[in-house]
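Asker: turn this into a structure:
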Amino acid sequence: MTWLYGMLLLIAYSAPSLLTLSSYTYPIMTLAHFVTFLVSVILFVIMGKSLKKRHRPRFSNGLMIGAIVALAGTAIGQVIRRTPMAEKAFLAQVPRVPRQAALTMLHLHATANAVLSGIIFAVLFGLLGAVATWWGGRDRRRPLTPQDPTPETG
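Answerer: Okay, here's the model as predicted:
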């Protein structure tokens with residue numbers, strides 16, 4: 001079942017990269033990344049509840065799934081951003097920059113950028129996944145009722 005959450009998280013993580021394929025959707029990428037963050041937290045919390053029901057470790061699973069999703073999602077995003085459609089949309093976003101200079105900006109250090117981004121996002125998204133998954137599976141405290149003993153009365 002963890003693989004299903006991993007696939008859903010990968011789709012959510014990679015989806016904003018598809019916005020780079022059109023110059024019309026390029027400006028809403030920041031909003032898309034925010035929505036992706038919210039969806040990811042919700043998916044991690046639900047995964048934590050599911051793991052708790054199965055008596056599986058939550059923190060380590062959330063850490064590993066988050067890191068793997070971030071590495072794979074960053075790779076997918078880098079591939080999408082290097083397609084001809086994405087290049088054309090990028091060029092439309094920087095109209096005063098010469099075409100060759102814009103393409104150089106896009107492709108300069110592409111491999112190093114992908115590797116470093118993947119590592120950084122794996123750590124950050126892994127920690128987010130670990131904390132959210134742990135939090136989703138924690139025991140809920142129920143409010144005290146008048147019949148419950150309080151610490152003062154024993």
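Asker: all helices of the protein, in order?
Answerer: 2-14, 29-53, 59-81, 84-93, 99-107, 110-136 (DSSP state H).
Asker: got the angle between the worst-scoring helix or strand of the chain on mean pLDDT and helix 59-81?
Answerer: Confidence across the helices and strands of the chain bottoms out at helix 99-107, with a mean of 91, counting by mean pLDDT, DSSP states H and E. Relative orientation of helix 99-107 and helix 59-81, computed by axes from the mean of the first three to the mean of the last three C-alpha atoms, to 10 degrees: 160 degrees.
Asker: distance between helix 99-107 and the chain's centre?
Answerer: Centroid displacement of helix 99-107 relative to its chain, using C-alpha atoms, centre = their mean, to the nearest Å, is 27 Å.
Asker: show me what it is packed up against.
Answerer: helix 84-93 (3 or more C-beta pairs under 8 Å, 6 or more residues apart in numbering; DSSP states H and E). Just so you know, the C-beta spots here come from the backbone N, C-alpha and C atoms, and that holds for glycine as well.
Asker: angle of the helix it packs on against helix 99-107?
Answerer: Using the same axes, to 10 degrees: helix 84-93 against helix 99-107 is 120 degrees.
Asker: select, out of the helices of the chain, the one closest to residue 147.
Answerer: Ranking the helices of the chain by proximity to residue 147 (C-beta to C-beta) places helix 29-53 first, at 27.6 Å.
Asker: let's have the helices of the chain in TSV, adding mean neighbour count and distance to residue 21.
Answerer: Below are those laid out as TSV (neighbours: other C-beta atoms under 10 Å; distance: least, C-beta to C-beta, whole Å):
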stretch	mean neighbour count	distance to residue 21
helix 2-14	17	12
helix 29-53	17	11
helix 59-81	20	7
helix 84-93	15	5
helix 99-107	12	14
helix 110-136	18	17
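Asker: those helices into CSV, with extra columns for distance to residue 22?
Answerer: Formatted as CSV, the helices of the chain follow (distance: least, C-beta to C-beta, whole Å):
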stretch, distance to residue 22
helix 2-14, 16
helix 29-53, 11
helix 59-81, 12
helix 84-93, 6
helix 99-107, 16
helix 110-136, 21
